[in-house]
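Engineer: Sequence and computational prediction follow.
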Amino acid sequence: MALIGAHVDSADPLAHAAAVGAEAVQFFLGDPQGWKAPPPHPHADAIRASDLAVYVHAPYLVNVASTNNKIRIPSRKILAQHAAAAAAIGAKGLIVHGGHVTAKDDPDEGFENWRKTFERAPEGGFGLPILIENTAGGENAMARTFDRLGRLWDAVGKLDKPRRAN
């Protein structure tokens, strides 16, 4: 059975869900354009106790596909921080965009960087499913076309538990 949901304001997602009749919600736990770890949510106990299907959206700037270490490494860190915070409020998943590589980069490097993200996940994994959202634009986006989504799935979809590289 499908649930009807909405992207709601994070200040009080339960009240907003009730106001619009949503059975599922997604919201940000922090600044959608920022690199900081999310603060504890003021309604965490109520969210965990509710029957509402809760999903958290990672900041837009997360790009674990990037070949640029100054983007990819902080992206992995903030992805893990938001996953931990989402799991702490009982979210069913963390939504993140597939990211992209630059025009001069081989897309295979981006898919490999996604694989490494899961391989190098925190001990015990991310604590909840990571839901990779398709991307509306960008020629070198990892999740723009069905072909790219398939390649991304091939890179990460069969990783049933995190493995650490030596």
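Structural biologist: That came through fine. Residues are numbered from 1 along each chain as shown.
Engineer: can you map out the strands along this protein?
Structural biologist: 5-7, 24-27, 53-57, 93-97, 130-133 (DSSP state E).
Engineer: give me the beta-bridge partners of the spatially most central residue of the chain?
Structural biologist: Averaging the C-alpha coordinates of the chain gives a centre point, and the residue nearest to it by C-alpha atoms, centre = their mean is residue 96 (2.9 Å). Per DSSP bridges, the residues bridged to residue 96 are residue 132.
Engineer: show me what contacts it?
Structural biologist: Residues counted as contacts of residue 96 (C-beta atoms under 8 Å, 6 or more residues apart in numbering) are 57, 58, 62, 64, 79, 130, 131, 132, 133. Glycine gets a C-beta too; all of them are placed from N, C-alpha and C.
Engineer: can you put those in JSON lines and add distance to residue 43?
Structural biologist: Below are the contacts of residue 96 laid out as JSON lines (distance: C-beta to C-beta, whole Å):
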{"residue": "57", "distance to residue 43": "17"}
{"residue": "58", "distance to residue 43": "19"}
{"residue": "62", "distance to residue 43": "24"}
{"residue": "64", "distance to residue 43": "29"}
{"residue": "79", "distance to residue 43": "23"}
{"residue": "130", "distance to residue 43": "23"}
{"residue": "131", "distance to residue 43": "22"}
{"residue": "132", "distance to residue 43": "27"}
{"residue": "133", "distance to residue 43": "24"}
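Engineer: Using neighbour counts, give me the buried entries of those residues.
Structural biologist: Neighbour-count burial (16 or more other C-beta atoms under 10 Å) applied to the contacts of residue 96 gives 57, 58, 62, 64, 79, 130, 132.
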